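Enquirer: Predicted model and sequence below, questions to follow.
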Amino acid sequence: MRDRLPDLTACRKNDDGDTTVVVEKDHFMDDFFHQVEEIRNSIAKIAQYVEEVKKNHSIILSAPNPEGKIKEELEDLNKEIKKTANKIRTKLKSIEQSFDQDEGGNRTSVELRIRRTQHSVLSRKFVEVMTEYNEAQTLFRERSKGRIQRQLEITGKTTTDDELEEMLESGNPSIFTSDIISDSQITRQALNEIESRHKDIMKLETSIRELHEMFMDMAMFVETQGEMINNIEKNVMNAADYVEHAKEETKKAIKYQSKARRKNCRAVSHLGKGQHTLQACFPPTPKVMNSMEKLIPCSRCPGRPSWAGTQKPVTGR
C-alpha cells in the first residue's frame, strides 16, 4: 500500500496560510442606516436648540427691555431650527418616495419593512420635537401678549383679548397707543415695552407661519403611520415580557435541577454506606457457602446469616 503521509503533510503545510473569505455586503442598507443616523443626530440638535430657545424666552419675558444680544441669539436659533427642520423633511420625503420604487424592484420585503419602520420612527420623533418647539413659541406669544396687556393697563388703557388680538394681527400697535399721552417716565417705559413686545410677536408669527406647512405635512404622515408604529411598539413590549417570563422559568428550572442533584447525591451516599448490608442480606449460594470460614448472624436482618472470611472473592455463583 502506498504511503500517503507525505502528501497529506504537504497539503497541511499549504493550508497553514491565511485564507481570505470574501463576504458581499449590502452597501444599500449601509448607506440607508448612515442616513438614518444623520437624521437622528439632526433631530437631537433641534431638541437642543429648542431648550436654548426656551431659556431665551424666559430671559426676554423677565426683563422690561431685554438686551438686543439676547433677541439676536433667539432669532439665530429660530433660523437654525428652520434650516435643520427643512433638511430633515427633505431627507424623510426622499426616503418615503423610494419605497414605491423598491416595491417594484429587487429589494427584499425584510429590507423594505426595516426601512419603513425606521422612517416611521424618525418621522414621529421629528414631529414630537417640532411640536415641542411650536408649543414653546405659542407659550411665548401668550406670555408676551399678557405683558403688553399689563403695560397698556399701566398707561390707563384697558383692552380685551379680542381687541389685543386685533392689534397684533394688524401689525400696528399705534391703534391703542396713539392716544396715550407719554407725559411720565413710567408711561414712556410702558410704551417702549409695548412696541418691543409687539415686534417680538410679529417675528414669532412669521416663524410660525413658515413652519406651519411643514409641520402639518409631517403630522399628517405620522397620523397615517401611527397604527403601524403602535403595532411595532406593542410587539417590542410583548417580546420584552416574553423574555422576562423565560428568565423566571429558567431560574425555576435551575433551582429544581439543583434540588434533584442533591437528592441523587444523598441516595448514592446511602447506597455506598449500605453496600455490605445488601451483600450480606442475600443468602449465598452453595459454592459460596463452601468457601466461607464461618457464618455470623446478620445484625440488620435477624434470621439471615452473614459471612466474614479471608477467602478470595468468589467470582461466580
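Expert: That came through fine. A quick note: this is a predicted structure, and the numbers were derived from the prediction, not measured. Numbers count the residues shown, from 1 in each chain.

Enquirer: so which strand or helix has residue 86?
Expert: Assessed by DSSP states H and E, residue 86 sits inside helix 68-103.

Enquirer: helices and strands around that helix, which ones?
Expert: helix 27-62, helix 109-154, helix 185-273 (3 or more C-beta pairs under 8 Å, 6 or more residues apart in numbering; DSSP states H and E). (Each C-beta comes from the backbone N, C-alpha and C, glycine too.)

Enquirer: least reliable of the ones you listed going by mean pLDDT?
Expert: Mean pLDDT values for the helices and strands packed on helix 68-103 show the minimum at helix 185-273, a mean of 65.

Enquirer: For stretch 74-81, list every residue counted as buried.
Expert: 74, 77-78, 81 (16 or more other C-beta atoms under 10 Å).

Enquirer: Next, residue 64: secondary structure please.
Expert: Secondary structure, DSSP: H, G, I helix; E, B strand; the rest coil: residue 64 is coil.

Enquirer: distance of it from residue 52?
Expert: For residue 64, the distance to residue 52 equals 22 Å [C-beta to C-beta, to the nearest Å].

Enquirer: do residue 134 as well
Expert: Taking C-beta to C-beta, one finds residue 134 at 16 Å from residue 52.

Enquirer: ok, the two, which is more surrounded?
Expert: It is residue 134, of residue 134 and residue 52, that has more neighbours when counted by other C-beta atoms under 10 Å, with 18 against 15.

Enquirer: If you drop the residues flanking it in sequence, what lies closest to that one?
Expert: Sequence neighbours aside, residue 215 is the residue nearest to residue 134 in space, at 6.4 Å (criterion: C-beta to C-beta, 6 or more residues apart in numbering).

Enquirer: I'd guessed the one you found sits against residue 137; true?
Expert: No: using C-beta atoms under 8 Å, residue 215 is not in contact with residue 137; the gap is 10.9 Å.

Enquirer: circling back to that earlier point, show me what counts as buried in the helix holding residue 86.
Expert: Buried residues in helix 68-103, counted by 16+ other C-beta under 10 Å: 71, 73-74, 77-78, 81-82, 85, 88-89, 91-92, 95-96, 98, 102.

Enquirer: likewise stretch 33-49?
Expert: 35-36, 39-40, 42-43, 46-47, 49.

Enquirer: Need the residues that contact that stretch.
Expert: Residues from elsewhere that reach stretch 33-49, judged by C-beta atoms under 8 Å, 6 or more residues apart in numbering: 77, 80-81, 84-85, 87-88, 91-92, 95, 118, 122, 125-126, 129-130, 132-133.

Enquirer: Mind doing that once more with 6 Å?
Expert: By C-beta atoms under 6 Å, 6 or more residues apart in numbering, the residues outside stretch 33-49 that reach it are 77, 80-81, 84, 88, 91, 118, 122, 125-126, 129.

Enquirer: closest to residue 56 among those residues?
Expert: residue 77 (7.0 Å; C-beta to C-beta).

Enquirer: quick one: the closest one from residue 70, how far?
Expert: Residue 77 sits 11 Å away from residue 70, going by C-beta to C-beta.

Enquirer: Next: residue 200.
Expert: Taking C-beta to C-beta, one finds residue 200 at 11 Å from residue 70.

Enquirer: same check, this time on residue 101
Expert: Counting by C-beta to C-beta, the gap from residue 101 to residue 70 is 48 Å.

Enquirer: now do residue 34
Expert: Counting by C-beta to C-beta - residue 34 and residue 70 are separated by 37 Å.

Enquirer: thought residue 155 was touching residue 190?
Expert: Yes: here residue 155 reaches residue 190: they are 5.1 Å apart, a contact under C-beta atoms under 6 Å.

Enquirer: Comparing these two, which residue is more hemmed in?
Expert: Between residue 155 and residue 190, counted using other C-beta under 10 Å, residue 190 has the larger neighbour count: 24 against 21.

Enquirer: How many residues are close by residue 126?
Expert: The burial count for residue 126: 26, using other C-beta under 10 Å.

Enquirer: got a list of what it touches?
Expert: With contact set as C-beta under 6 Å, 6+ apart, residue 126 has these partners: 43, 88.

Enquirer: same question, the one 10 residues further on
Expert: When contacts are counted by C-beta under 6 Å, 6+ apart, residue 136 is found next to 53-54.

Enquirer: how close does it get to residue 205?
Expert: Residue 136 is 15 Å from residue 205, by C-beta to C-beta.

Enquirer: With residue 60 instead?
Expert: 16 Å.

Enquirer: same question, residue 84
Expert: Residue 84 is 21 Å from residue 205, by C-beta to C-beta.

Enquirer: How is the chain divided into domains?
Expert: The chain breaks down into these domains under automatic domain parsing: 29-251, 280-305.

Enquirer: hang on, residue 130 packs against residue 215?
Expert: Yes: using C-beta under 6 Å, residue 130 is in contact with residue 215, at 5.4 Å.
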